[in-house]
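Peer 1: Structure, please.
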Amino acid sequence: MEIRVDDLTGDKIIALIGEHLQSMFESSPPESVHALDLDGLRSPEVTFWSVWEGDELLGCGALKELDAKHGEVKSMRTASAHLRKGVARRMLEHIIAEAARRGYDRLSLETGSMAEFEPARKLYESCGFRYCGPFADYWDDPNSVFMTKEL
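Peer 2: Okay, the predicted model is just below:
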């Protein structure tokens, strides 16, 4: 698996982000969808990576800088054909390492509270994330779960 910074202009990554957003809106009420669209992912405070095997897109993830010491995991997605192959774990480990390299003290995330998001929550727990309250601009939402990891 090769992880590389992505400029979000390729057809494959645009399609994967479209699939990600569609899935989020299918499983969560609109006011509880916090996934970034392409413009949001192109913001200067966001670094976006894609995961490849040859010319096949396996998944993606992003790191958003909230402040000089706090980052947020965004846009974790594995392509449907590559679920349960370790793509998300590899991407998450990459994001954690990059956050530590940048000198962040903390890395946080928001994910869904519904059953569809249980595999994601288990992955985050296994990588040392613990449940916490809302952070940054989030609010207490029964459809959201917030997690954080001290680095």
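
Peer 1: My reading is that Arg77 lies in a strand. Confirm?
Peer 2: Yes. Under DSSP: H, G, I helix; E, B strand; the rest coil, Arg77 sits within a strand.

Peer 1: I'd say it and Gly59 touch.
Peer 2: Yes. Shown here, Arg77 and Gly59 form a contact pair, counting by Cβ atoms under 8 Å, at 5.7 Å. No exception for glycine: its C-beta is placed from N, CA and C like everyone else's.

Peer 1: list the residues that contact both of those two?
Peer 2: Leu16 (Cβ atoms under 8 Å, 6 or more residues apart in numbering).

Peer 1: So in that sheet, which strands flank the longest strand seen in the chain, and in what orientation?
Peer 2: Counting by DSSP state E, the longest strand found in the chain is strand 56-67. Sheet pairing of strand 56-67 (DSSP bridges) gives strand 46-53 (antiparallel), strand 70-78 (antiparallel).

Peer 1: Could you look up the SS state of Asn25?
Peer 2: Not Asn; residue 25 is Phe. Recorded secondary structure, Phe25: helix (three-state DSSP).

Peer 1: Can you check the pLDDT for it?
Peer 2: Phe25 is assigned a predicted lDDT (pLDDT) of 94.

Peer 1: OK, contacts around the residue located most distally from the centre of the chain?
Peer 2: Largest separation from the mean C-alpha position in the chain: Gly54, at 22.3 Å (Cα atoms, centre = their mean). Applying Cβ under 8 Å, 6+ apart to Gly54 gives no contacts.

Peer 1: What residues sit buried inside the longest strand of the chain?
Peer 2: Leu57, Leu58, Gly59, Cys60, Gly61, Ala62, Leu63, Lys64, Glu65, Leu66 (16 or more other Cβ atoms under 10 Å).

Peer 1: ok, the fifth one - contacts?
Peer 2: Contacts for Gly61 were tallied using Cβ under 8 Å, 6+ apart; they are 48-49, 51, 73-77, 88, 91-92, 94-95.
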